[in-house]
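*Asks:* Need a 3D model of the following:
(one chain, ligands or ions: 1)
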Amino acid sequence: MKNIIRIGTRKSRLALAQTEIVANALKLNHPNLDVQLIPMSTIGDQILDKPLESFGGKGAFVSEFEEAMLSGKIDVAVHSAKDMPILLPAGLSILGVSKREDVRDVIITRKGSKSQLTESTIVGTSSLRRQLQIKEQYGVEVKNLRGNVNTRLAKLQAGEYDAIILAAAGLKRLDIMGADEYQFNYLEPDVFIPAAGQGIIAVEGRDEPKLRELFSKWNHTESGYSLETEREVLKLVNAGCNEPIGAYTTIKEDTINLSILYWDNKILRVQGTAKLQDRLELAKELVNRLKA
Ligand SMILES: NCc1[nH]cc(CCC(=O)O)c1CC(=O)O
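*Replies:* Residues are numbered from 1 along each chain as shown. A predicted model of the protein is given here:
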């Protein structure tokens, strides 16, 4: 009999594209595995007219999946790592992560429009991390913008905003970077700090050796260290759903560099380097410095 794995996926184009990436890797590494995709929708996908924080924050995109995994309806779920809550329910873990895609945020404007940001530019983003940094660095006006990547781009096209900010990773996975109707301006990650886990796809599932084993070949160890360290920062500052926080690591051989952005009546930034094996201590040291 063929072994089966059921993967739950949200239905947005980005979620489907990311699930495809994981499913294809699984099929390649395990030719005899029957990989089944189970589309599901979450409260976060259904309520699009209210800020995310008003009905559960990040968790709004994942809780139904967690129930389905624990009850055995599905085995694993594919997430953007940056959308995952800090604490996972007992019995569930991250079973594997992708190699990190382009970690940067990108300013997107309509083709032919002014791509220079000025005080009168209206920038669409609901992320407090993006709002704070874009205001700080360009003095623009910000306006909330929700919806999946395609919805947000449609609102830019409709002229509701002069510019919007999205993650390069999503745009690349959706093949939007090549589109003629937009102009893209990359924000450098050491200046405009990305979200913890940005650009990484994470597979969450029941913490069973058999399931974990299926992802061991695909799992990208270095991205795993990055994600672990960046999520440690969220845990230590006890960050809620849409807290203005950014955390970004780079790893070179056995050294890790960590930058953190935080808001406490003003924008705070800290940065430090340590041996890779001391990554969690580095997170702790930097968060303590923030709190001091
Ligand atoms: N919050 C939505 C979300 N979650 C993950 C991505 C992009 C892909 C990624 O960062 O891995 C996006 C869209 C965006 O922020 O532009």
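
*Asks:* Low-confidence stretches in the chain?
*Replies:* Within the chain, the stretches with pLDDT under 70 are 1, 43-62, 239-242.

*Asks:* now the residue nearest the centre of it, what's its secondary structure?
*Replies:* Nearest to the geometric centre of the chain sits Lys82, at 2.7 Å (C-alpha atoms, centre = their mean). With DSSP: H, G, I helix; E, B strand; the rest coil as the basis, Lys82 sits in helix.

*Asks:* wait, what's in contact with it?
*Replies:* By C-beta atoms under 8 Å, 6 or more residues apart in numbering, the contact set of Lys82 is Ala167, Pro194, Ala195, Ala196, Gly197, Gln198, Ile200. Backbone N, C-alpha and C define where each C-beta goes, glycine included.

*Asks:* go again using 6 Å as the cut-off
*Replies:* By C-beta atoms under 6 Å, 6 or more residues apart in numbering, Lys82 lies in contact with Ala195, Gly197, Gln198.

*Asks:* Can you select the buried ones from the residues you listed in ChimeraX?
*Replies:* Filtering the contacts of Lys82 down to the buried ones (16 or more other C-beta atoms under 10 Å) takes a single ChimeraX command:
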select :195,197,198
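
*Asks:* how close does Asn24 get to Lys11?
*Replies:* 18 Å (C-beta to C-beta, to the nearest Å).

*Asks:* how much space between the residue of the stretch 1-150 of the chain found nearest the ligand and Gln36?
*Replies:* Relative to the ligand, the nearest point of the stretch 1-150 of the chain is Ser80 (3.3 Å; C-beta to the nearest ligand atom). For Ser80, the distance to Gln36 equals 21 Å [C-beta to C-beta].

*Asks:* Comparing these two, which residue is more hemmed in?
*Replies:* Taking neighbours as other C-beta atoms under 10 Å, Ser80 and Gln36 compare with Ser80 leading, 22 against 13.

*Asks:* what does the stretch 151-292 of the chain put close to the ligand?
*Replies:* Leu166, Ala167, Ala169, Gly170, Gln198, Gly199 (C-beta under 6 Å from any ligand atom).

*Asks:* Could you say which of those is surrounded by the most neighbours?
*Replies:* Gln198 (29 neighbours).

*Asks:* What are the phi and psi values at the nearest residue to Trp263 once chain neighbours are set aside?
*Replies:* Leaving aside its chain neighbours, Trp263 sits nearest to Pro244 (3.9 Å; criterion: C-beta to C-beta, 6 or more residues apart in numbering). Taking degrees, to the nearest 10, you get phi -80, psi 90 for the backbone angles of Pro244.
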